[in-house]
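**Q** 3D model of this:
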Amino acid sequence: MLIDKSITDFLAELKSDSAAPGGGSAAALAGAIGAALGIMVGNLTVSSVKYEAAHEESRKLISDLEKCLAVLEKYIDEDTEAFNNVINAYKLPKSIEEEKLRRSDAIQEALKGASNLPLKVAKVCLEVLELSEKMLSIGNTNAASDAAVAGRMAQAAMWSAIYNVRINLGSIKDLDFVAELKGNIEDIVVRSEALMAQLTKTVDEKI
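**A** The predicted structure follows:
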């Protein structure tokens, strides 16, 4: 599994001429790094008597970020699996009409799966961005830069995941499905812009 590899081994596989792992798994990893950084800031906050008033809320944020981290770790491998399903569908036989129809249906289903997975990644990364912004607001000011990086990583990961959704939509014939995912993407982007504006304002005040 990718999640069990060392950083060096993961990067070696990522840079190879194999199409997977690719941008989707990288997006999930970047989001996971953001979540981990946010947790670190929380731990530095609850371990300091100076920030006792923020301990309870920080523990809640840590708990929520831990959940996001666990999901994103899982998505690192699941994104690669979703992409491999698309590749395998394209490899199905197409000698006769029945095989062509079966292959076409399999490709469409695989493409939907390969779109849904990065959309899930984007949604979790949006949550990491929101939690990081809250952590930045109440957390240990000595780690304000780390909380800001957590949010920036989450936003970059979110956009990376969105690109991996978009690249598949042009090949999907189910227009209702495409419209629904486009609507979801638009909602995510609008929310992320508001959160990012607040994070930028807060970090500028703190450092």
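**Q** which parts of the chain are helices?
**A** Counting by DSSP state H, the chain has helices at residues 7-14, 23-46, 55-90, 97-138, 144-169, 175-206.
**Q** most tightly packed of those helices?
**A** Most buried of these by mean neighbour count (mean count of other C-beta atoms under 10 Å) is helix 23-46; its value is a mean of 25. The C-beta positions use only the backbone N, C-alpha and C, and glycine is treated the same way.
**Q** report all helices and strands that it contacts.
**A** helix 7-14, helix 55-90, helix 97-138, helix 144-169 (3 or more C-beta pairs under 8 Å, 6 or more residues apart in numbering; DSSP states H and E).
**Q** and those helices as a markdown table, adding mean pLDDT and distance to residue 26?
**A** Converted to a markdown table, those look like this (pLDDT from 0 to 100; distance: least, C-beta to C-beta, whole Å):
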| stretch | mean pLDDT | distance to residue 26 |
| --- | --- | --- |
| helix 7-14 | 92 | 7 |
| helix 55-90 | 96 | 9 |
| helix 97-138 | 97 | 10 |
| helix 144-169 | 98 | 7 |
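**Q** mind checking the helices of the chain for the one nearest to residue 1?
**A** Residue 1 sits nearest to helix 55-90 of all those, at 5.2 Å, using C-beta to C-beta.
**Q** relative to helix 144-169, how tilted is the closest one?
**A** Here helix 55-90 runs at an angle of 30 degrees relative to helix 144-169 (axes from the mean of the first three to the mean of the last three C-alpha atoms, to 10 degrees).
**Q** helices or strands up against helix 55-90?
**A** Looks like helix 55-90 contacts helix 23-46, helix 97-138 (3+ C-beta pairs under 8 Å, 6+ apart).
**Q** okay if I get those as TSV plus distance to residue 60?
**A** What follows is these, written out as TSV (distance: least, C-beta to C-beta, whole Å):
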stretch	distance to residue 60
helix 23-46	9
helix 97-138	9
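**Q** from residue 88, how far out is residue 185?
**A** 26 Å (C-beta to C-beta, to the nearest Å).
**Q** now do the contacts for residue 85.
**A** 110, 113, 114 (C-beta atoms under 8 Å, 6 or more residues apart in numbering).
**Q** closest to residue 31 out of these?
**A** Using C-beta to C-beta, the contacts of residue 85 come closest to residue 31 at residue 114, 17.5 Å.
**Q** what sits against the closest residue to residue 50 other than its chain neighbours?
**A** Spatial nearest neighbour of residue 50, excluding adjacent residues (C-beta to C-beta, 6 or more residues apart in numbering): residue 140 at 7.9 Å. Neighbour list for residue 140: 41, 44, 45, 48, 50, 51 [criterion: C-beta under 8 Å, 6+ apart].
**Q** how far away is residue 140 from residue 47?
**A** According to C-beta to C-beta, residue 140 stands 9 Å off from residue 47.
**Q** one more: residue 33?
**A** 21 Å.
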